[in-house]
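Student: the sequence and its predicted three-dimensional model are supplied below.
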Amino acid sequence: MVFQLLSVRAENFRGFGAPFQLALDAPLTLLLGENGAGKSSALNAIEWCLFGSEVAKKGSGIDERGAWEVAHRGSAGPIVVALTMDALEGRVVLRRSRAADAKVRDADTLELELPGGDVLGPGEIEDWRVRNQLPDWATWKHSFCQHQELLRLRVTDDGQRSAQLGRLLGLDAYLAASAVLKDLRYGSLQKTAQTQLADLEGELARSMERPAVELQEVTARLAELGVDRAALSGDMVEERARVLTAGARELAGGLDGPLDGAAVPDTTDMAELAAWIPGWLRLVKDAGRQLEDEAAQLRRKQRGLEDARASLAPAKRRRDDAQAALSACAGAHGSLAALEAERARLADERSSLKNEERAANETLALLRQALKHLETSGHAGTGVTCPVCDHTDPGLEARLQARLQQGGNGFAPRLEALDQRDAALAKQHAELAGLHAELESAEITYRQTTENLRASLPNDMGDTGEQADGLERQLAAWKRRIEALERDARRATDYAVQCATEAEVLALLGKWRIAVARADAAAGDLTRTAAWEDLDAAIDEAAGLACDLDAIGQMIREAQNERSRERAQAVNQSLGKYYGRIAHREGTPAAAIRVDVKQTATKISYRLIDGTGADATPVLNQAAMNALAFALLFAQVEDRAARGLPAWVQLDDPAQSLDATHESGLAAAILELSARVPVLVATYEGPLSRRLIEAAPDTLHQVDLGTNHQPQGARR
Amino acid sequence: MNVVLEELERRIRERGVRVNERLALVRLLVESEDGSEVLSVQIGDLTARMEQEARRVREVLR
């Protein structure tokens, strides 16, 4: 073994404010001091120099290190720890330093001074560590030292115990390789490969079903459209396409006007037809609507003309009837003017008669006056003498009376006759006036009717509208035109429906052809495609890698087992020796502690059993547990030394929980170990230290720390 | 680690199955501290390739 620690120097580190130096080159170094004297700081300084902040954080594996302070409280200078050691290169100094005001993330300064004076930086130091087979922190904390917090976990924690025993059996490399394999989780790669393959096989099965279902659907729809399933063939698309375009050309030529100039492609290409058909269908439908509109317009004109023709005869009849009635009436009673003249004459006659009547009435009044005079003058019955001529007329009174009796001379009957005559004339006049009004109304109606008729006729008919022949000819011409328009419109509409159906048939035939091809393809082996072969290769590769890794894991476990079998005897001896010595049970079955291997399909673990074959740890007390933990540590260190690996052990207050007997036993074990491996023990004055001082006067380097952190002892 | 490498190489040769591939893997795993990362990358690449090829197959199926 080339590697050996020679000394450590620390300044401003934890318990050390002033510089502190400790020689480590003796087989056994004993640091003696009371609590707080700086024993642990000395051991910590070695660890910090080797591993830096790895030893002073929560992830260090030592919980109490989470709140660790590296700097010495009260010192303002930089923290510096230097380890002098013999290595493959000769005597080297590893120096780690940290500024007093360094932040958590600031890196330490680490350098290695080589014998020639060359200085290595951090990257080169890593190579140097590997070259000298220096341990990493995990190996150090389990195989180089006994931390109080970790001591019994070596025995009680399954994982740690198994790891410790694995190391003891020299299986570090196998365990590390197994850990790498475990971290890879290559089993999930195999699962991914299997899942991918299963998914794709499912999709392949579905994809083979899909064309068959599609083919069935297309064939059924074609049957609904009148295409016989048995007649389906690859050429049918072209045949139907030719029929469709021929029909289109016939329609375009057959319709009078609307489709003039419409282009019909001379092709059976499905893509071209699919692009042409929608536009063509729109044209045909527009043409049908245009023809229907024109027919409807002509029908409205036809109805107008027929209505006008139908109303002309009644209007004429009414006018003729009015004319006849008026003539008859005028013949019977004379004209309106004659009747009016007669009525004027009758009015004059009546006026004259009325005047006569008035005069007669005045005469009668005078006669009555005269008669009354006669009676009052006493001349009654004697005649009457004229006052003017004194002529006496004896018959005057009689005559007067006779005349008075005669009265008004018949004026009333005459006047009544005149009134009756006038009333009769007034009635005749009213009748005649009514007939005149009816004639005038009938004339207006007749005139309007003829004007309407004329307006309903085409302009080129001129005034011949009333002429029956022209009218009938026009109506007949219109009728023929309407029938032609309606026929064409029906043809266009019917064709549009047929064309839409035919377009669907063509599209379905296209789909049918593709579906047939797909069904044929699906029936073939899609797994022979390049894509599938590539996938298969990738999955094979993945499965191969996973299998290889699995096989390697298995081989590692086999090799591990073989090696552990080879090593078991030596390890068991070493374990039993140290345990028996510390626990004072040498030669008893209880001291026959040995390693037991527990293996599952994917994992190997280790436990400790006693001489009876029972699990050793459950029955152990605190002291026995500590003894076993020390035995494990010592056996490992001894084994490392035996294998030529750097070995070193440092014990911090190892006597905790041990009685005097166990302390004595521990001292004996330490002395035995120190013959093979350098040991650093930090403890207080007690059975352990006394036994060590007594038993090793030549190999012990004792340092008394006292309480002021300064080394006071000297090598003895 | 060399002890593992030698041991595994011996065992692999004894069995004679996919010798070269397994030896290459063992060397990746054991010789270099970064072996696990290399293998992780290899596993990741294979997973990605499988997914890519599976997509291609699905396109063919469509």
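Tutor: That came in fine, so what should we check first? Numbers count the residues shown, from 1 in each chain, chains lettered A, B, ... in the order given.
Student: nearest spatial neighbour of whichever residue of the stretch 501-650 of chain A sits closest to chain B, skipping sequence neighbours?
Tutor: Relative to chain B, the nearest point of the stretch 501-650 of chain A is residue A:535 (3.7 Å; Cβ to the nearest Cβ). Using the backbone N, CA and C atoms, a C-beta is placed for each residue, glycine as well. Leaving aside its sequence neighbours, residue A:535 sits nearest to residue B:53 (Cβ to Cβ, 6 or more residues apart in numbering or on different chains; 3.7 Å).
Student: confirm the one you found sits in a helix?
Tutor: Yes. Checked against DSSP: H, G, I helix; E, B strand; the rest coil, residue B:53 lies within a helix.
Student: pretty sure it contacts residue A:538?
Tutor: Yes. Residue B:53 is in contact with residue A:538 according to Cβ atoms under 8 Å; the separation is 4.9 Å.
Student: which residues do the two both contact?
Tutor: Common neighbours of residue B:53 and residue A:538 are not found (criterion: Cβ atoms under 8 Å, 6 or more residues apart in numbering or on different chains).
Student: next, residue A:187: secondary structure please.
Tutor: helix.
Student: need the contact list for it.
Tutor: A:546, A:550.
Student: what does the pLDDT read for it?
Tutor: Note on residue A:187: pLDDT of 80.
Student: go on, the one 4 residues further on?
Tutor: Note on residue A:191: pLDDT of 84.
Student: give me the secondary structure label for it.
Tutor: Relying on three-state DSSP, one would call residue A:191 helix.
Student: and for the one 5 residues further on?
Tutor: Of the three states, residue A:196 takes helix according to three-state DSSP.
Student: thinking again about what came up before, tell me, how many residues neighbour the residue nearest to residue A:535?
Tutor: Look at residue B:53: counted by other Cβ atoms under 10 Å in any protein chain shown, it has 21 neighbours.
Student: cool, and residue A:393?
Tutor: 12.
Student: which bits of chain B sit near chain A?
Tutor: B:1-4, B:7-8, B:11-12, B:17-18, B:21-22, B:25-26, B:29-30, B:35-36, B:39-40, B:42-43, B:46-47, B:49-51, B:53-54, B:56-62 (Cβ under 8 Å from any Cβ of the partner chain).
Student: ok, now with 7 Å
Tutor: Within reach of chain A by Cβ under 7 Å from any Cβ of the partner chain, chain B has these residues: B:1, B:3-4, B:7-8, B:11, B:18, B:21-22, B:25-26, B:29-30, B:35-36, B:39-40, B:42-43, B:46-47, B:49-50, B:53-54, B:56-58, B:60-61.
Student: hang on, the earlier thing: do you know how far the residue of the stretch 501-650 of chain A closest to chain B is from residue A:171?
Tutor: Relative to residue A:171, residue A:535 is positioned 40 Å away (Cβ to Cβ, to the nearest Å).
Student: tell me the mean pLDDT for the one helix or strand residue A:568 maps to?
Tutor: Taking DSSP states H and E as the criterion, residue A:568 maps to helix A:530-582. The pLDDT scores in helix A:530-582 average 86.
Student: so what's the residue in chain B that chain A sits nearest to up against?
Tutor: Nearest residue of chain B to chain A: residue B:53, at 3.7 Å (Cβ to the nearest Cβ). Residues near residue B:53 by Cβ atoms under 7 Å, 6 or more residues apart in numbering or on different chains: A:531, A:534, A:535, A:538.
Student: state the pLDDT value of it.
Tutor: pLDDT, residue B:53: 88.
Student: sorry, back to before: which of the residues of chain B next to chain A are buried, as a ChimeraX select command?
Tutor: Entered in ChimeraX, the line below selects the buried ones among those, by 16 or more other Cβ atoms under 10 Å in any protein chain shown:
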select /B:1,4,7,8,11,22,25,26,29,30,35,36,39,40,42,43,46,47,49,50,53,54,56,57,58,60,61
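Student: in helices, which of the residues of chain B next to chain A fall?
Tutor: B:3-4, B:7-8, B:11, B:21-22, B:25-26, B:29-30, B:35-36, B:39-40, B:42-43, B:46-47, B:49-50, B:53-54, B:56-58, B:60-61 (DSSP state H).
Student: residue A:548 reaches residue B:26, doesn't it?
Tutor: No. Residue A:548 lies out of contact with residue B:26 (Cβ atoms under 7 Å); the separation is 8.9 Å.
Student: need the residues of chain A near chain B, please.
Tutor: Counting by Cβ under 7 Å from any Cβ, the residues of chain A near chain B are A:173-174, A:176-177, A:180, A:183-184, A:186, A:189, A:192-193, A:196, A:200, A:203-204, A:207, A:526, A:529, A:531-532, A:534-535, A:538-539, A:541-542, A:545, A:548-549, A:551-552, A:555-556, A:558-559.
Student: buried among those residues? Need that as a selection in PyMOL.
Tutor: Filtering these down to the buried ones (16+ other Cβ under 10 Å) takes a single PyMOL command:
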select buried, chain A and resi 173+174+176+177+180+184+186+189+192+193+196+200+203+204+207+526+529+531+532+534+535+538+539+541+542+545+548+549+551+552+555+556+558+559
